[in-house]
Structure formats: C-alpha cells, structure tokens
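Asks: A predicted structure for the sequence below; I have some questions about it.
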Amino acid sequence: MDSQPKVTRLTKNPAEHDRLAAAGLAPALRVLIESKGGTGLRVATHLKALDVLDGQKRIYLHLDSDHGDRYSTTLPDGTVVGLQPDELCLFGWDDARSQLRRHSALARRYQTLLRGNPVSQTYKRGAAQCRPMGLLQYELSFPAILEAKRARLNALYSPTEARGASLQDVVLAREAQLQMAQPLLDVHIASAVGGQGSSIAIHDAYATRWLCEQRGIKNVTHVGILLGPQAFQRRERNIELNYTATMRELEKAYRDGFTLVLPAGEQAVFARPPFDELYLLDLAEWPRSEDPDRRLSDTAMDAWLRQVALTVHTYTQRALHDRLESLLLNLANQTDESLSFGTLNAAMAFADLAALNQAIALDKTEAMLRALLARCSTDHEDISNH
Amino acid sequence: MNDRSDHPTHTDRAAANQPARKPDDAVIAAVRARLESSGLIGDGLLNWLKTDDNARVFDPRVDLGPAALDGENAAQAHRRIQFALRKEPSGRWIPLLRRRTARLKLAAAQALTEWFDALRNTPDLCAAAYVAELIRQLDAEIAALRREASRIGEALGQVNRQLQPLQAEIEKALTPGGSSWISRLLDLSAVMTTLGRGVSLMARVVTAERLVNDREEYAFSADLITAAIGVAQEAREAARAELDRLAQLRVNLLAAQQLLAEARAQVNSRLGTHPYAQVDATHPQQVARIGARIAAALSSNDLTTFLPMDPAQLFTTLQGAALEQTQRVTASLDLVQLMEDEAKALADNPGEAAGRLPDIIPDELVLDALQATYRHAVSPSLKVSPDAQAYELSLVGVTDETAPGFNFERATLVSTGRRDRVQFLHVRVGLCLLDLIGFEQMTGRLESASQRRNYYVLEALAQEGGGASGSQNGVGAEMWPAAEHEAGELVGENNRSARP
C-alpha cells in the first residue's frame, strides 16, 4: 500500500446497534488443521489456545517424526493447552535409512533423493533439516498416517458404511450424505524451510485430497500455510536451500500435477495443485529488539508464531472467510496454472466482555456476601450451649 | 400474649445498620420489649403462670377462719389440726401450672418462630445480634429465677425445720396414752376441756397452721419458678437453635468468600491479558467504573432462603444473581463502546490515565487503538519485490457492517456479530516466485549446492540436480511396510527451542 490506512469516526445509530448486538453469531466454519513438523506444532498449539479463548472447536492432526518435540502453551488463567494424543500422529523409525533394505523400489528412489547425505549421518527420529529423510520417514509410515487422517475425518463426518434398511438407518445415511456436502477448510501448516514439515507438505496435501475424494467429501478447500524463511535465518543449517527447494517443488506440482502412490501400490494422479489456496507467511521485518546478526530469540520466534496463529485463526473465521472467498472468486478465475500464492496478516482489538461481566459480578457477589455476613455475625462466643 | 408487631421496628433496623460486635442499647431495649410483651421474663411470666383462664390469681394459702376451740367448732378444730399436721405441701397448684406452662411454651415457641422469621426477612438487620441478645437476656432471667428458687428453697427448709418439731409436739399432746391420736381426735373438744392444756395446744396448732401455709406458699413459689425456668429454657433452646443456624450460615458464607477469591483470581488473570490480541481493552479500572453503576441486590432478603445452602450453592446462587444484574447493564456493551467509555472517563479524570497510559489524549484513545491495530494488520508479512503485481484487500470484522462506528479506509467491512472484537485481515494474492526478493539468487545457490547433495523430495527435481536415474515425479511404486503408527504422548512444557 502507498500509505498507512486511516480510521475515522462515524456517528453510530444506537437503535440499530442494539438490534445488531443482540443478533446471533454465524455458525463456526468446519476446519481441519493439519500441522507438520516443529513449527507446525507450535502454530497448531497456539491455534488451539485461541480455540479455548473463543470457546470454539477445530479438529487437529499433527504429523511429526520427532517424538521428543513437545509443546504446550499456558493461558493467563493458568490453563495449559496442548495437542492431545488423538490429535498427534507421531511416526518414523530410529533407523529409517536401514529400513530401505526391506523396500527395493524405495531404495532405488532414495539412492537419488539421499544423494550427498553422508551414510555416517544418523537420523534418530526427526529429519534434522534433511528433507529427503523427512519424506522417507513419512513414506515408511504412510499407512498409519492415512489411518490417522481417516480418524480425524471421522470426527467431522459420520462414516458412510452400508447400514441396515430401517427408517433410522435411512435417516442416518441421509444425514451423512448431507454432511459430505458441508464446507470444510483443510489447512496445512508447516515451515517451508525445515526437514520434516516442508518435505511432506505437498505429499500430505495430496494424501488428504485423495482421502476426501474417497470419502465423497465434496466441498473442501485445501489451504497451504507455509512459513519462512527469514524468521528461521541462522536458526538451522540449509534454511535457504530447503526453502528454495520447497518453492521449486511447489512450482512443479502446480505445473505438472502429482502422482500419489498408495499403500496397495495403486496410483492416484492429480492434475490439480496440492493447495486451492497457498499463503506464505514470514517475518518481513526483523524486530528492533533482536540482534540482526544472530538468530531470532526463542521469545521473538514465539511472538511471531503467535501472530501466525492469530492470522490463521482470523482467516478461518466463518464471516471473514466467506467474504474473502467471494472477493477472491473472480481473481481465481483469472490465474493460470503456474504457482500463485498470497500472504496474510491479521490483528485484533479485543475486550473480554465475559471476563468483565464476571469480574463485575464477583464484586457484586462479594458485596452480597458481606451484607449477608453482617446479618448473621455477632459476638456470641460468650453464649454457652446450655 | 403478643401485643407487639412481629416485624422489627425502625429502631431495630437502625440499630442493626451498624453490625456492632457488642449489642447496642437499641438492640437490648428491643429484645427486652419483645420478651416482656411475650411474657417470657419478669413478673409477667410468673403472673401469667399462676393466673387461670378466668383471670383468677392462684393463692396457695388456706384461710381456716378464727381460732376457736369449743364443742360447736369441733369439726373446724378437726380440720385445723389436720391441716396443721400436714407433712407435705398439698401441690394443689400443679394442674394449673402444668396447663399454663404448656400453653405458654406453645405460644412462646410460635411467637419466637414468627419473630425469627421477621428478623431473617428484614434487610440490613443483624438477626444474629438480636438472637444473641435474646439468649443473653433469657440467661439472665433464668439465673435470676434460679437465685429466687434457691432463696425459696432455703425458706422452705427453714419452715420445715420449724414445723416438724411443732407437729411432733401436737401429735404427742394428742396421744398421751400412746393410743392413736386419730381416735383421740374424735373427741377433741372434751380432751381440750378435760386436760386443761387446750390453750397451749391451740397456740401450737395455730403456729403450725401458719407454718404449713407458709410452706404451701413457698412450695407453690418453688414450683412456679421451676415452671418459669422451664418456659425460659425452652425459649432459650429455640433461640440457641436459631443462633446456631445463623452461625452455620455465617460459616458457609465465609467458605463461599473463599470460593469467590478463587474465582476472582481466575477472572482477574483474564483482564487485559489476551495473549494474541494487539489491543485488550478490558482493564480492572473498567470493572470498577461499570460496577459502580450497578447496585447489587440480593435475589431474596430472607435469610431463610440461604440457610439450607452449602457454600458452593451459596456462591453459585449469589454469583448467578449478580451476573444477571450485571448483564442487564452490559448487554448492549461492545468493544468500541467500552473503549469510548474508558476514554470519556480518562478525559473526565486525567489523573487516572497518569502512570497507566503516558501521554494519552483521551479523545483519541479509541481512534488511536483501532488505527494501530489496523496498521499492524497491513504491515508486511512477506518480503516481496516493490514491483510485485499483487491484489490487496483488507477485511475488517465488526459487530455489524451497517453500523461500525468507524470508517476503516480501504477496507471491506464484514459483519461478524462479535461484540467483543474488531478483527483485521489483510490479504495479498497473485504473487509469484519472481516476486520473492532474491529468489533467483537462491535458486542459483541451490543448483550449485545440489551438485554436492540433493535437497529435493521430488525425484524429477532431484535428478535435474545430480543426474541420477529415476522414473517419475512424486512417490514411486513401492511395497509398503505395515502400519506401525505410534501415538506418542504429550507431556511437559516447551523443552526444546523452536525448530523449523
């Protein structure tokens, strides 16, 4: 933008305002958050904290090969928020490379993919910034990952297996069919620079796309949120190279499509890009309080990831998302098949009206308690029982 | 017996407005008046007990007429001597006392219940102070009655000590030959005349008669006082039970205060501390400011309502009522209105802003806060070339777009129905790889680095980098290992620094 936008005051119509204030909220959008890798976990955890603060519920699935990376966040009231076991799909092998001995075709391909990676370098879970190793862990555990995805989709859609012929079964089947047509926002969140998240972002998006098609889930928007690279500068090795590789892979997938090989050996060929909408988010300006020659401190990193979470949270709010979709509809028709992406940012001015009400009510409750106490308190210790 | 209103007087309430630890004179006087009017203390109690339903006061003394011993008055003499020789009090009054005591206890219990109800149901009145004072005065009354009973007991003993030898002498005089005095009594006048000792004996009989009457009176008084103590004791027990109920309520209220403290700590931690919002307009000062506009009123002024509640129920009930009253005032309040209220308060009282919001201009508070938030949203979130041809749009989520209160330049307003927030979402779309600053150089570096090591996960790109053989992009046809998913477990806090 040329200059910063301005806000000016309008005269409010109190009657209209009161009417609207009493209006109900739109129903929440159905959202599946699929996070990957360490960065994805942190953003997902902050998103879940926002769910708690807003009293809403989204469905989460976090994929990671690093079992040691545990993360939770604590809200001001002391509530500790973290992903639950059923929201986690932790996969991988301690000796992924040696597993290749059991899979000849994989071994041939990974001869190419692991080219240049020293054989002496071990990967004890996690991908340690090595993208091919991240994908290898994913592929070795692909059946389990698909199963975890199915379980999370079951939380959103009733299974549609054949039922009996009773009236109740027919009604349930009809409801399940209607559910399939309800919109779903499938949001994949990962860094674009790491070993695990960035390596599986494309594959995993296609895997979800395939599963949704298999389940007959029709109205899904697959969204990619990829983070970096500036925020991760000097944090790990290969940041820039991994980022560039990720971008070039996205470009190729957008242009040429993708062939997903399924556990049974069959292939699913996709001409469509992995994401219906792709957003890249980064730390565009280095914080003034941070040393420009060193990596971002953990505190500043967390502050940025909170901002990312707020952005995703705002983007997935039904009213805003629906309006955004309608505004972007015409633009989408104009784009060609090459990689086109966007960026997002959000901010929020907020007042915890519920907490305010409760705090005032507690003050009043205290006054009531004091009034009652004054009516039943007296110095009657000198009064015996007989 | 109850000639006084059951509701405490204005004086009662005035006295209780200041819940002093020690009862003040007004409470003492009110309770005294209540007890007197109920006939539970003082002479009123005793008089009521010894007065029958026809308002006749019972007299224990027996008037036997003038003392004269002759043949014509033999029957009278016979009665007099028989009276003088009574060994025990007659107890003629016992049915009356039993009847009157039972009735008084019933009436007193009913009167006290009604009074306690009235005390519980009078706002701003310290019911416990009245009940405690009632117990004190009843205790004082019982103690006084016991002292009187003791005094009467001593007098009764004294009379008995005087009477017993006298009765022995009379009996001895009436049985000179050792025959039954009763047979001698049959011809008493003759004996009197014959023995010549009649005058002396008559004097003894008269004295004994007086002593028996005294004993009757003392015994009656003793029984009367015992009955009065019984009435007072029962009233005291009722008062004690009421005081215990109020004391239990007090204990429960104190426990509810503890629950309140815990709830307050939870709520206070949420004020002004939203961990993700750029502006959180909820301040403790606003709690005080809005709270001052709300008068806390109990859902019921009757303590009876609260007596059966445990601390949790007490807290929940009071909090529910308070929340309902609060929400009536804050129902139409929204974020912007709240901020404007705060700005107005700061303008009216600049001292409040000092130290909290330096250099604040109250009138611009809301505008500044919203503008800063908007600008935060439109700040860059990706480094792209200034020449990038991107399409930008800003969405502002407001309670309702037709009445936003503010004009947000270059933004599309969206109704969210949320009164508690103004949300800003800035979007740039239509970017391509060439818009990323330095991407071409990064690609060059990747190509160079790929000569030594592969960074791609798509085989086609990996082959371009290193020339290794491969068949297709994506995942190649494979034999897949069996599912060995491990769910893992999430415990503990952040224990590692962020990794991409």
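Replies: Perfect, I can see it now. Keep in mind that what you see is a predicted model, and the values were worked out from it rather than measured. Residues are numbered from 1 along each chain as shown, chains lettered A, B, ... in the order given.
Asks: Show me how chain B divides into domains.
Replies: For chain B, automatic domain parsing gives the domain ranges B:10-263, B:284-353.
Asks: looking at these, which one has the lowest mean pLDDT?
Replies: If you rank these by mean pLDDT, domain B:10-263 sits at the bottom with a mean of 82.
Asks: Helices of the stretch 51-200 of chain A, start to end?
Replies: A:96-99, A:104-113, A:131-140, A:142-156, A:167-181, A:197-215 (DSSP state H, counting those that start in this stretch).
Asks: just those: most buried one?
Replies: helix A:131-140 (a mean of 26; mean count of other Cβ atoms under 10 Å in any protein chain shown). All C-beta atoms are positioned from the backbone trio N, CA, C, and that covers glycine.
Asks: hmm, that one in reach of chain B?
Replies: Yes. Judged by Cβ under 8 Å from any Cβ of the partner chain, helix A:131-140 comes into contact with chain B through A:Arg131, A:Pro132, A:Gly134, A:Leu135, A:Glu139, A:Leu140.
Asks: ok so, going back, just put the helices of the stretch 51-200 of chain A in JSON lines and tack on distance to B:Gln451 and mean pLDDT.
Replies: JSON lines is the format used below for the helices of the stretch 51-200 of chain A (distance: least, Cβ to Cβ, whole Å; pLDDT from 0 to 100):
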{"stretch": "helix A:96-99", "distance to B:Gln451": "22", "mean pLDDT": "85"}
{"stretch": "helix A:104-113", "distance to B:Gln451": "14", "mean pLDDT": "87"}
{"stretch": "helix A:131-140", "distance to B:Gln451": "16", "mean pLDDT": "92"}
{"stretch": "helix A:142-156", "distance to B:Gln451": "30", "mean pLDDT": "93"}
{"stretch": "helix A:167-181", "distance to B:Gln451": "49", "mean pLDDT": "79"}
{"stretch": "helix A:197-215", "distance to B:Gln451": "20", "mean pLDDT": "95"}
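Asks: Which among those is found nearest to B:Ala265?
Replies: Nearest to B:Ala265, of all the helices of the stretch 51-200 of chain A, is helix A:142-156, at 34.2 Å by Cβ to Cβ.
Asks: can you tell if that closest one touches chain B?
Replies: Yes. Helix A:142-156 lies within reach of chain B by Cβ under 8 Å from any Cβ, at A:Phe142, A:Pro143, A:Ala144, A:Ile145, A:Glu147, A:Ala148.
Asks: what's residue 372 in contact with, if anything?
Replies: Because you didn't say which chain, this covers chain A. B:Leu249, B:Leu253, B:Leu298, B:Leu303, B:Phe306 (Cβ atoms under 8 Å, 6 or more residues apart in numbering or on different chains).
Asks: wrong one, chain B
Replies: B:Ala372 sits in contact with B:Gln278, B:Val279, where contact means Cβ under 8 Å, 6+ apart.
Asks: Let me know the secondary structure of it.
Replies: Taken by DSSP: H, G, I helix; E, B strand; the rest coil, the conformation at B:Ala372 corresponds to helix.
Asks: Just give me how far whichever strand or helix holds A:Val223 sits from the chain centre.
Replies: If you go by DSSP states H and E, A:Val223 is part of strand A:220-227. Put simply, strand A:220-227 sits 9 Å off its chain's centre (Cα atoms, centre = their mean, to the nearest Å).
Asks: Which other helices and strands does that strand contact?
Replies: helix A:37-54, strand A:184-191, helix A:197-215, strand A:277-281, helix A:298-315 (3 or more Cβ pairs under 8 Å, 6 or more residues apart in numbering or on different chains; DSSP states H and E).
Asks: Checking B:Val396 next. Helix, strand or coil?
Replies: Quick answer, by three-state DSSP: B:Val396 is strand.
Asks: okay, now it: neighbour count?
Replies: Neighbourhood size, B:Val396 [other Cβ atoms under 10 Å in any protein chain shown]: 27.
Asks: what residues are up against it?
Replies: B:Tyr374, B:Pro404, B:Phe408, B:Ala411, B:Thr412, B:Leu413, B:Val414, B:Val422, B:Gln423, B:Phe424, B:Leu425.
Asks: and it, bridged to which residues?
Replies: B:Leu413, B:Phe424 (DSSP bridges).
Asks: Would you reformat the helices of the stretch 51-200 of chain A as CSV and include distance to A:Tyr60?
Replies: Shown next, in CSV, are the helices of the stretch 51-200 of chain A (distance: least, Cβ to Cβ, whole Å):
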stretch, distance to A:Tyr60
helix A:96-99, 25
helix A:104-113, 29
helix A:131-140, 18
helix A:142-156, 8
helix A:167-181, 19
helix A:197-215, 13
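Asks: show me where pLDDT drops low in the stretch 351-500 of chain B?
Replies: Along the stretch 351-500 of chain B, the parts satisfying pLDDT under 70 run over B:351-363, B:465-500.
Asks: coming back round to it: wait, which of the helices of the stretch 51-200 of chain A is closest to A:Leu373?
Replies: Comparing these by Cβ to Cβ, helix A:142-156 comes nearest, at 48.9 Å.
Asks: As PDB, could you dump the C-alpha coordinates of the closest one?
Replies: Extracted as PDB, the C-alpha positions of helix A:142-156 are listed here (Å, rounded to 0.1, in the frame of the first residue of the first chain):
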ATOM      1  CA  PHE A 142       2.200 -43.800   5.200                       C
ATOM      2  CA  PRO A 143      -0.400 -46.400   6.000                       C
ATOM      3  CA  ALA A 144      -0.500 -45.300   9.600                       C
ATOM      4  CA  ILE A 145      -0.700 -41.700   8.600                       C
ATOM      5  CA  LEU A 146      -3.600 -42.400   6.300                       C
ATOM      6  CA  GLU A 147      -5.300 -44.200   9.200                       C
ATOM      7  CA  ALA A 148      -4.800 -41.200  11.500                       C
ATOM      8  CA  LYS A 149      -6.300 -38.900   8.800                       C
ATOM      9  CA  ARG A 150      -9.300 -41.100   8.500                       C
ATOM     10  CA  ALA A 151      -9.800 -41.000  12.200                       C
ATOM     11  CA  ARG A 152      -9.800 -37.200  12.200                       C
ATOM     12  CA  LEU A 153     -12.100 -37.000   9.300                       C
ATOM     13  CA  ASN A 154     -14.500 -39.300  11.200                       C
ATOM     14  CA  ALA A 155     -14.600 -36.500  13.800                       C
ATOM     15  CA  LEU A 156     -16.100 -34.300  11.100                       C
END
